[in-house]
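>>> test case, fold it:
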Amino acid sequence: MSLSPKQIESIAHLARLELKAEEIPVYVESLSRIFGLVDELDRADTASVEPMAHPLTGQVQRLRADEAVPGNSRDIYQRNAPQVEAGLYLVPKVIE
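Numbering: from 1, shown residues only. Modelled structure (predicted):
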C-alpha cells in the first residue's frame, strides 16, 4: 500500500505533528513500507494454526497461593517512614 503526501499530512495533523515539506517524502516511503509489511502479514494463512496460551509447550506460570492475609498492616508499613503522626505519613509541603 502506498500512501500519498496528502495522507501523510492528514496523519500528521491527527497526531499533532508539525512536518516540514522535506520530511514528507521520507514519511511517505517509511509508512508505506510499514503498511506493506502489515498487508503481507494479513495475507498469511493462519487457519490451521491453533491458538496457544504460552509459546513454550509444557511451561506453566508459577503463581503464589491466593490466601487471605490479616487486614490492617499500617503500623508495620509505617516503621520505615521518616515521619508519621496519628497513622498518617507526613510529607513536605510543596504547594503554598
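>>> and the residue nearest the centre of the protein?
Nearest to the mean C-alpha position of the chain, by Cα atoms, centre = their mean, lies Ala15 at 17.3 Å.
>>> how far away is it from Ile8?
10 Å (Cβ to Cβ, to the nearest Å). Heads up, the C-betas are built off the backbone N, CA and C, glycines and all.
>>> output the contacting helices and strands for the helix ranked longest in the chain.
Counting by DSSP state H, the longest helix found in the chain is helix 24-42. Under the contact criterion of 3 or more Cβ pairs under 8 Å, 6 or more residues apart in numbering; DSSP states H and E, helix 24-42 touches helix 5-14.
>>> distance between the ends of stretch 77-90?
Using Cα to Cα, to the nearest Å, the end-to-end distance of stretch 77-90 comes to 14 Å.
>>> run through who's touching it.
74, 91 (Cβ atoms under 8 Å, 6 or more residues apart in numbering).
>>> and Ile76, which of the three is it?
helix (DSSP: H, G, I helix; E, B strand; the rest coil).
>>> for it, the count of nearby residues, please.
Neighbour count for Ile76, taken as other Cβ atoms under 10 Å: 9.
>>> which residue of this structure sits farthest from its center?
Ala86 (39.0 Å).
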